[in-house]
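**Q** Can you look at this prediction? I've put the sequence above it.
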Amino acid sequence: MLGSGHYGIVLSVKNKDQDQMSALKIVYKTGLSDTEVKIIREEARILERLEGRSNIVQLKNFFETSPYILIEMEYLSGFQLKRVFE
């Protein structure tokens with residue numbers, strides 16, 4: 001697990017076909033308001049519009065099931081940003 005927060009967790013996952021790592025954000029919709037769910041969907045749409053820009057984590061895939069929103073993003077190794085602010 002790479003991290004967790006109010007909305008869910010982020011896992012490191014590996015695409016076996018491409019031998020490539022991704023970060024998978026799993027958002028649990030249970031207990032979230034309609035507004036919060038819309039905010040998460042908008043996050044994915046924003047990442048999609050920023051595709052190809054430097055210094056922005058790239059969106060690989062976005063899909064939704066009844067209990068979850070899943071956002072697959074480029075995996076970046078290194079440190080956690082929150083440690084910069086501690």
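**A** Good, I have the coordinates.
**Q** Which strands border the lowest-mean-pLDDT helix or strand in the chain, and is each parallel or antiparallel?
**A** Across the helices and strands of the chain, mean pLDDT, DSSP states H and E gives its lowest value to strand 3-4, namely a mean of 90. When pairing is defined by DSSP bridges, strand 3-4 lines up against strand 8-15 (antiparallel).
**Q** so after the strand it pairs with, what's the next helix or strand?
**A** strand 20-28 (DSSP states H and E).
**Q** State the mean pLDDT of stretch 24-44.
**A** Stretch 24-44 shows a mean pLDDT of 95.
**Q** Now do it: everything it contacts.
**A** With CB atoms under 8 Å, 6 or more residues apart in numbering as the test, stretch 24-44 has contacts from 7-13, 59, 62, 64, 66-73. Where C-beta positions appear, they are placed from N, C-alpha and C, glycine not excepted.
**Q** And whichever strand or helix holds residue 48, what's buried?
**A** Assigned by DSSP H and E, residue 48 belongs to helix 34-49. Buried residues in helix 34-49, counting neighbours by 16 or more other CB atoms under 10 Å, are found at 40, 43, 44, 47.
**Q** Residue 54: which of those residues is nearest?
**A** residue 47 (14.1 Å; CB to CB).
**Q** list the contacts for the closest one?
**A** With contact set as CB under 8 Å, 6+ apart, residue 47 has these partners: 56, 57, 58, 59, 62, 71, 73.
**Q** Stretch 69-86: end-to-end distance?
**A** Start-to-end span of stretch 69-86 (CA to CA, to the nearest Å) is 29 Å.
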